[in-house]
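Asker: Make a model of this:
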Amino acid sequence: MPALAPLISVIMPAYNAATTVCAAVESVLAQTCTDFELIAVDDGSTDHTARLLEAHARRDARIRLLRLPHGGIVPALNAGLEAAQGRFIARMDADDLCLPQRLEMQAGYLQQHSEVGLAGCRVHFGGAPGGYARYVDWINSLLAPEEIALERFRESPFAHPSVMFRAELVTAHGGYADGPFPEDYELWLRWMEAGVRMAKLPQTLLLWSDPPTRLSRTDSRYSTDCFYAMKTAYLARWLAARNPFHPRITVIGAGKTSRRRALPLLDLGMEIAAWIDVDPRKIGNIVHGIPVRGREALPKPGTGFCLAYLAGHGAADELREFLHPAGYVPGRDYLLVS
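Answerer: A predicted model of the protein is given here:
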């Protein structure tokens, strides 16, 4: 254990990652910033992961290996947080690669911006084109704290292994929660609700892999329904605090999926004044006792608040092109939430 606490603690959980973990570790050891510890948490692997990490730890004293019975990523992450000694906490996964300047640039950013609690970075996507690649394009487009905060109810705005945050945030607002939801997204929403500002560096500093075993593909906690069940509670509290017309809202999107995602707000005290849609087959209907109307029925800027539940590719951009010339301001008049 180093005599002095390191500047950065890198927390890397690993489970049956023997084919990738060595490259991940080497990418951390190759950082231009050398003032770090790498806390590798073996989550009860049944392959050679622990043995490989032990060999690395013998060669480099900055590596600290924690061995746990298999319990999943949340206990592994929280064990890493508890062991961490650094001023800053960086996340890393055992199948990703850090670019050499990642730790230096993220720590430097946090040192220069005391108002920011968490700094991510752009990532290079290691998967195939399609839905997940579009998601990566979206998170890479969000840099400033204001846009991250406004867009946070659409999806998780960070690649989890790309972030670095101040260690005191864990003491102030808690670590990872275990439940039927994605642990990283819940953490971002909880911390932002508490007022933590989050930013993203414009540099690409992580190669983010996309294996078929990714938890977001295999774990039921990462299902779309779990995402919406969790984030709807945070959204309802945001609306109660910031919607001047609370509890009244207008929902843009009247399709079955949009309605399924919006209706739980009723159980949290919201009132839906109308569904807004562009499909003439829907306009004029009454659904769940709520009328479906065309865009001409949108409340004028400053006279109501809208939530847009639009799942189609490109639908959010099309809606912005319609709303912004008419004077609608995101966060004041509407939010994109899907």
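Asker: Quick one: the strands in the stretch 201-338 of the chain, in order.
Answerer: Applying DSSP state E, counting those that start in this stretch to the stretch 201-338 of the chain gives strands spanning 248-252, 271-276, 286-287, 290-293, 306-308, 334-336.
Asker: residues contacting the residue lying closest to residue 47 once chain neighbours are set aside?
Answerer: Once flanking residues are discounted, residue 47 sits nearest to residue 18: 4.4 Å by Cβ to Cβ, 6 or more residues apart in numbering. From N, CA and C alone the C-beta is placed, and that goes for glycine too. For residue 18, the contacting residues are 45, 47-49, 52, by Cβ atoms under 8 Å, 6 or more residues apart in numbering.
Asker: Buried ones among the residues you listed?
Answerer: Buried subset of the contacts of residue 18 (neighbour count, 16 or more other Cβ atoms under 10 Å): 45, 49, 52.
Asker: Backbone dihedrals for the closest residue to residue 20 other than its chain neighbours, both of them.
Answerer: Nearest in space to residue 20, with sequence neighbours left out and distances taken as Cβ to Cβ, 6+ apart, is residue 95 at 4.1 Å. Phi and psi for residue 95, reported as degrees, to the nearest 10, are phi -120, psi 20.
Asker: what's the neighbour count on residue 95?
Answerer: Neighbourhood size, residue 95 [other Cβ atoms under 10 Å]: 21.
Asker: What pLDDT does the model give it?
Answerer: Residue-level confidence at residue 95 comes out at 97, pLDDT.
Asker: Next, the contact list for it, please.
Answerer: 17, 20-21, 24, 209, 211.
Asker: are any of those buried, and which?
Answerer: 17, 20-21, 24, 209.
Asker: Out of these, list just those in strands.
Answerer: Among these, the members found in strands (DSSP state E) are residue 209.
Asker: okay, the buried ones among the contacts of residue 95 in JSON lines with distance to residue 182 and pLDDT next?
Answerer: What follows is the buried ones among the contacts of residue 95, written out as JSON lines (distance: Cβ to Cβ, whole Å; pLDDT from 0 to 100):
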{"residue": "17", "distance to residue 182": "20", "pLDDT": "98"}
{"residue": "20", "distance to residue 182": "21", "pLDDT": "97"}
{"residue": "21", "distance to residue 182": "23", "pLDDT": "98"}
{"residue": "24", "distance to residue 182": "21", "pLDDT": "98"}
{"residue": "209", "distance to residue 182": "17", "pLDDT": "91"}
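Asker: which among the buried ones among the contacts of residue 95 gets closest to residue 334?
Answerer: Proximity of the buried ones among the contacts of residue 95 to residue 334 (Cβ to Cβ) peaks at residue 209, which lies at 35.4 Å.
Asker: and the closest one, what are its bridge partners?
Answerer: As for beta bridges, residue 209 partners with residue 126 under DSSP bridges.
Asker: if I pick it, what's in contact with it?
Answerer: Here residue 209 is in contact with 20, 93, 95-97, 126-127 (Cβ under 8 Å, 6+ apart).
Asker: let's see 6 Å
Answerer: 95-96, 126 (Cβ atoms under 6 Å, 6 or more residues apart in numbering).
Asker: where's residue 276 relative to residue 145, distance?
Answerer: Taking Cβ to Cβ, to the nearest Å as the criterion, residue 276 is separated from residue 145 by 29 Å.
Asker: More neighbours: which of those two?
Answerer: residue 276 (24 against 20).
Asker: thought that one was touching residue 252?
Answerer: Yes - between residue 276 and residue 252 there is a contact under Cβ atoms under 6 Å: 4.6 Å.
Asker: Include distance to residue 88 when you put the contacts of residue 95 into a markdown table, please.
Answerer: Below are the contacts of residue 95 laid out as a markdown table (distance: Cβ to Cβ, whole Å):
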| residue | distance to residue 88 |
| --- | --- |
| 17 | 24 |
| 20 | 24 |
| 21 | 22 |
| 24 | 19 |
| 209 | 24 |
| 211 | 27 |
